[in-house]
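Peer 1: Next comes the sequence, and after it the predicted model I'd like to discuss.
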Amino acid sequence: MSNLPNTELVNFEALARDGDMSRRNELAQNVAALFSLTSESCSDEQMRIYDSVLHRLSEMVETQAREFMARQLASLRRAPEQTVRRLADDEIGVARPLLERSTVLRDRDLVQIAESKGDDHRLAIAAREVLSKLVTDVLVKTGSAGVQRAVAANEGASLSRAGVDRLLEASGLDEELQLALAGRGDLGEADIAALASFASERVRVRLFGGTGKDGEDGLPKAARIAAQRLSNDYWLKRYDFETAMGRVKALARGEGIDEGTLLRFIDEDRFAEVVATFSILGDIGLEEAMHWMVRIDTDPFLIVARACGLASETVQKLLAIGPWRYRLPDEQRERAVTRYRTLNAKSARLLLDQWRGRIAC
């Protein structure tokens, strides 16, 4: 007796008996296309069904069909997680669009793929619009010179201290990597001086003399791109908060939610679920939680967290997840934690009550 699931979309028992691969390919493509058209309106239950069906189909079809599925899912804000992870770990022709664009993939997924796959997969990851230090550290450490150049040239890639040092060391005889580093807007003065000490004349011109285009060099351009990413809306549109809130409300109705729920979602790198949980714990509404956990000014978040009685260690972890992972410098994060420890819980609760009153009006 087959244990393949049957749904309203696909009868897997019949499909398994049918040896016609072209029919399987066509079916998988049709289901993926249908989902791409309806993803924003799918309920949580429909999303689970699509995920189960698409994941099972991805294991029954040829490369061409999987490539089509990946292209359909790559740019969706709401996409079936299990299927996306399976296809992102596939051969590069399938994986590339997801590795380059899918916001469903979390850092732990990207790290696992970067460590287990080859440079083609790493280059696709390096092309993502935003990369955390956790991911770039792995790319710079495990990747070839081409991967290192791609990371250095990506203005949306955050670099750790170790990452910058490794790239500077690797750029000694690599002018292309030197040029990529010279075009970044986030190098410190000491890093720029170190690069200039061994860089070619062409790179020194890029660093200090400008490129001659519109009177601007690469540093202001990189800074402008970085400034664009300071927009709250830029970050908010990357996450599926609606589905996350549905999951968290179901948890709240069942086993309940508490600070431990926050910590579990932090550990799983599920920012949208973290925001949804925080909004319920703080009784502030999803919209407010979304904006207060993205903005550079962390005071509203800190006041709600203190009113909820969250531990300092939890707040420290919250300040390092989602957009704050990219937007908050380490020094600012440390100052926020220090400020949190000085906040008076009673005053925070009174202020939060006032905010709730304004929101209700």
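Peer 2: Perfect, thanks for sending it.
Peer 1: separation between Tyr340 and Leu73?
Peer 2: Computed with Cβ to Cβ, to the nearest Å, the distance linking Tyr340 and Leu73 is 39 Å. No exception for glycine: its C-beta is placed from N, CA and C like everyone else's.
Peer 1: nope, Glu91 is what I meant
Peer 2: Taking Cβ to Cβ, one finds Glu91 at 16 Å from Leu73.
Peer 1: Looking at the two, which has the bigger crowd around it?
Peer 2: Leu73 (25 against 14; other Cβ atoms under 10 Å).
Peer 1: quick one: contacts for the more buried one?
Peer 2: Ala32, Phe35, Ser36, Ala79, Pro80, Thr83, Val84, Leu87, Leu98, Ser102, Val104 (Cβ atoms under 8 Å, 6 or more residues apart in numbering).
Peer 1: Heading C-terminal from the worst-scoring helix or strand of the chain on mean pLDDT, find the next helix or strand.
Peer 2: In the chain, no helix or strand scores lower on mean pLDDT, DSSP states H and E than helix 218-228, which sits at a mean of 49. Using DSSP states H and E, the helix or strand that follows helix 218-228 towards the C-terminus is helix 232-236.
Peer 1: where's that following helix relative to the chain centroid, distance-wise?
Peer 2: From the chain centre to the centre of helix 232-236 is a distance of 12 Å (Cα atoms, centre = their mean, to the nearest Å).
Peer 1: Tell me the helices and strands packed up against that helix.
Peer 2: helix 286-292 (3 or more Cβ pairs under 8 Å, 6 or more residues apart in numbering; DSSP states H and E).
Peer 1: for the next helix or strand after the helix it packs on, which positions count as buried?
Peer 2: Using DSSP H and E, the helix or strand that follows helix 286-292 in sequence is helix 299-308. Neighbour-count burial for helix 299-308, counted by 16 or more other Cβ atoms under 10 Å, picks out Pro300, Phe301, Leu302, Ile303, Val304, Ala305, Arg306, Ala307, Cys308.
Peer 1: do the same with stretch 29-43
Peer 2: So, applying 16+ other Cβ under 10 Å, buried residues of stretch 29-43: Gln29, Val31, Ala32, Phe35, Ser36, Ser39, Cys42.
Peer 1: Quick one: mean pLDDT for it?
Peer 2: In this model, stretch 29-43 has an average pLDDT of 93.
Peer 1: List the residues that contact His113.
Peer 2: I think there's a mix-up here, since residue 113 is Ile and not His. Contacts of Ile113 (Cβ under 8 Å, 6+ apart): Ala88, Asp89, Ala95, Leu99, His121, Ile125.
Peer 1: tell me which element it is part of?
Peer 2: helix 107-116.
Peer 1: Which single one of the buried residues of helix 299-308 is nearest to Lys133?
Peer 2: Phe301 (21.5 Å; Cβ to Cβ).
Peer 1: Please report how far Arg341 lies from Ala311.
Peer 2: 10 Å.
Peer 1: what does Val294 give?
Peer 2: 22 Å.
Peer 1: More neighbours: which of the two?
Peer 2: Taking neighbours as other Cβ under 10 Å, Val294 and Ala311 compare with Val294 leading, 21 against 12.
Peer 1: from what I can see the more buried one touches Lys237, true?
Peer 2: No: with contact defined as Cβ atoms under 8 Å, Val294 does not count as touching Lys237 (10.7 Å).
Peer 1: any low-confidence regions in this structure?
Peer 2: 1-9, 11, 14-17, 209-230, 357-361 (pLDDT under 70).
Peer 1: what's the domain layout of it?
Peer 2: 1-105, 107-229, 235-360 (automatic domain parsing).
Peer 1: and which of the buried residues of stretch 29-43 is nearest to Ala190?
Peer 2: Proximity of the buried residues of stretch 29-43 to Ala190 (Cβ to Cβ) peaks at Ser39, which lies at 46.6 Å.
Peer 1: show me the contacts for that closest one.
Peer 2: Leu76, Arg77, Arg78, Ala79.
Peer 1: sec struct for the closest residue to Val248 other than its chain neighbours, please.
Peer 2: Using Cβ to Cβ, 6 or more residues apart in numbering and skipping the chain neighbours, the partner closest in space to Val248 is Ala276 (4.1 Å). In three-state terms, and counting by DSSP: H, G, I helix; E, B strand; the rest coil, Ala276 is helix.
Peer 1: Phe35 now?
Peer 2: Three-state call for Phe35 (three-state DSSP): helix.
Peer 1: hang on, isn't it packed against His55?
Peer 2: No: contact between Phe35 and His55 fails when scored by Cβ under 8 Å: they sit 11.9 Å apart.
Peer 1: State the helix or strand in which Glu331 lies.
Peer 2: Judged by DSSP H and E, Glu331 forms part of helix 330-342.
Peer 1: what does that helix rub up against?
Peer 2: By Cβ under 8 Å, 6+ apart, the list of residues contacting helix 330-342 reads 296, 298-299, 302, 305-306, 312, 315-316, 319-320, 324, 328.
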